[in-house]
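Peer 1: After the sequence you'll find the predicted model.
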Amino acid sequence: MIKAMWNNTIIAQTSDYETVDGNKYFPPGTLDMRYFRLSETHTNCHWKGDASYYDIVVDGQVNKDGAWFYPVTEPAAKNITGYVAFWNGVKIVETADA
């Protein structure tokens, strides 16, 4: 089981995830959507596709573009289509929970 934590709050948790380029990607249904706000930021990865971002908002604090995902991927990254990864201070914690 892994958990994504920011501002002392669990914002996502799962035992079913993908690891790509050292990042753990969470299935979209494992996010606590109370803490996510779609951002207008977009970037491109030549082999994964166009990324969209979420701002993470916890207790009035905003982590701008703290999470990203690929709504549509290139074929080589099909396993992470829609999955969400984190950065910018979000901690990924592994636990013994099942």
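Peer 2: Structure's in. What do you need?

Peer 1: From the contact counts, what lies against the helix or strand hosting residue 67?
Peer 2: Element membership of residue 67 [criterion: DSSP states H and E] is strand 61-69. Judged by 3 or more Cβ pairs under 8 Å, 6 or more residues apart in numbering; DSSP states H and E, strand 61-69 is in contact with strand 2-6, strand 36-45, strand 49-58, strand 84-86. Where C-beta positions appear, they are placed from N, C-alpha and C, glycine not excepted.

Peer 1: And the contacts of it?
Peer 2: Residues from elsewhere that reach strand 61-69, judged by Cβ atoms under 8 Å, 6 or more residues apart in numbering: 4, 6-7, 25, 28, 31, 36, 39, 41, 43, 51-57, 80, 82-90.

Peer 1: again, only using 10 Å
Peer 2: Here strand 61-69 makes contact (Cβ atoms under 10 Å, 6 or more residues apart in numbering) with 4, 6-7, 9, 11-12, 23, 25-26, 28, 31, 35-37, 39-43, 45, 48, 51-58, 80-90.
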